[in-house]
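# this one's structure only:
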């Protein structure tokens with residue numbers, strides 16, 4: 001049993017290292033919110049085909065349709081590497097017009113300085129979230145090993161979520177950074193609940209405390225996973241224009257699946273080691 005829980009505790013750590021290596025080799029796609037670029041909005045007929053429009057535009061251009069009471073809008077986003085003139089020429093050919101102003105055309109540019117500031121501010125937000133989380137966790141438990149286990153679980157969840165973003169080409173944007181910050185909260189919630197049950201409660205033996213915490217924590221996590229899955233399906237098949245909600249749902253979904261491993265394998269293993277071996281030395 002001792003060997004089993006130690007081996008199981010290492011599995012998510014290995015996955016985290018593999019995820020970090022994959023992020024390093026494959027990189028992360030950046031939204032124009034982060035990297036800078038051009039956003040073009042055009043009023044269009046309701047029956048316009050996004051796939052046909054993409055054939056007239058250069059590679060690497062994001063196209064989505066948005067509908068509201070004001071009409072149907074086509075939103076085109078491209079990084080600074082894409083030639084804007086080619087996009088405009090393609091739009092003129094597709095809509096068979098010499099003047100895009102006839103389609104209530106608008107264009108805005110996100111500069112590199114704004115993008116760099118956004119990127120640095122996003123990293124600072126995540127960094128401060130981890131810093132304050134570490135301080136609070138240590139003040140609650142007053143012992144380094146269980147506190148580090150909570151921090152390790154949160155870091156692993158973020159790294160594996162980022163690896164999933166890299167794998168499925170989900171861009172780093174305002175929405176996905178917000179999702180990563182929410183994921184820190186979800187991760188800490190389950191890990192602190194587990195650590196509190198194991199360290200603070202003395203009424204049951206260790207295995208019973210772990211089983212009780214797992215029952216509560218798994219219910220919390222699976223409920224949120226199902227909610228995010230439903231949100232993803234609704235956005236994908238019913239409201240495809242809400243692409244930001246789809247990205248948020250996917251990031252949290254991947255992160256929560258990772259959290260099941262880090263909490264109930266790694267964190268449980270570390271706490272078992274702390275109680276069964278470390279404290280007895």
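Perfect, thanks for sending it. Remember, it's a predicted structure, so these values are computed and weren't measured experimentally.
# off-centre distance for stretch 153-162?
How far stretch 153-162 lies from its chain's middle: 9 Å, per C-alpha atoms, centre = their mean, to the nearest Å.
# so for that stretch, mean pLDDT?
The average pLDDT for stretch 153-162 rounds to 93.
# what's in contact with it?
12-13, 15-16, 19-20, 23, 28, 126, 130, 133, 180, 183-184, 186-188, 191, 251, 254-256, 258-259, 262-263, 266-267 (C-beta atoms under 8 Å, 6 or more residues apart in numbering). Placement of C-beta: from N, CA and C, glycine included.
# and these, which are buried?
Burial by neighbour count, judged by 16 or more other C-beta atoms under 10 Å, picks out 12-13, 15-16, 19-20, 23, 133, 180, 183-184, 186-188, 191, 251, 254-256, 258-259, 262-263, 266-267 from those.
# quick one: residue 97 is in a helix?
No. Per DSSP: H, G, I helix; E, B strand; the rest coil, residue 97 lies outside any helix segment and is coil.
# find the residue at the geometric middle of this protein.
residue 251 (3.0 Å; C-alpha atoms, centre = their mean).
# and the closest residue to that one other than its chain neighbours, how far from residue 263?
Excluding its sequence neighbours, the residue lying closest to residue 251 (C-beta to C-beta, 6 or more residues apart in numbering) is residue 179, at 3.9 Å. Relative to residue 263, residue 179 is positioned 19 Å away (C-beta to C-beta, to the nearest Å).
# what of residue 29?
For residue 29, the distance to residue 263 - C-beta to C-beta - is 28 Å.
# now do stretch 260-275, average pLDDT.
Stretch 260-275 comes out at a mean pLDDT of 90.
# how far does it sit from its chain's centre?
Using C-alpha atoms, centre = their mean, the offset of stretch 260-275 from its chain centre is 23 Å.
# how about residues contacting it?
5-6, 8-13, 15-16, 143, 145-146, 148-150, 152-153, 156-157, 187, 190-191, 194-195, 198-199, 206, 210, 214, 217-218, 221.
# mind listing which of the residues you listed are in strands?
Within the contacts of stretch 260-275, no residue falls in strands by DSSP state E.
# so what's residue 146 up against?
195, 199, 270, 271, 274.
# got a pLDDT number for residue 194?
pLDDT at residue 194 comes out at 90.
# that one against residue 215, yeah?
No. Using C-beta atoms under 8 Å, residue 194 makes no contact with residue 215, being 11.2 Å away.
# so the two - more neighbours on which side?
Using other C-beta atoms under 10 Å as the criterion, residue 194 and residue 215 rank with residue 194 on top: 26 against 10.
# quick one: low-confidence residue ranges for the stretch 101-250 of the chain.
111-116, 118-119, 240-241 (pLDDT under 70).
# pLDDT score for the residue nearest to the centre of the chain?
95.
# distance check, it against residue 216.
Taking C-beta to C-beta, one finds residue 251 at 24 Å from residue 216.
# how about residue 76?
From residue 76 over to residue 216 (counting by C-beta to C-beta), the distance is 47 Å.
# please apply the same query to residue 234.
From residue 234 to residue 216 the distance is 28 Å (C-beta to C-beta).
# what of residue 6?
Distance from residue 6 to residue 216, by C-beta to C-beta: 25 Å.
# how's this protein carved up into domains?
2-32+113-278, 37-110 (automatic domain parsing).
# most tightly packed of the ones you listed?
domain 2-32+113-278 (a mean of 17; mean count of other C-beta atoms under 10 Å).
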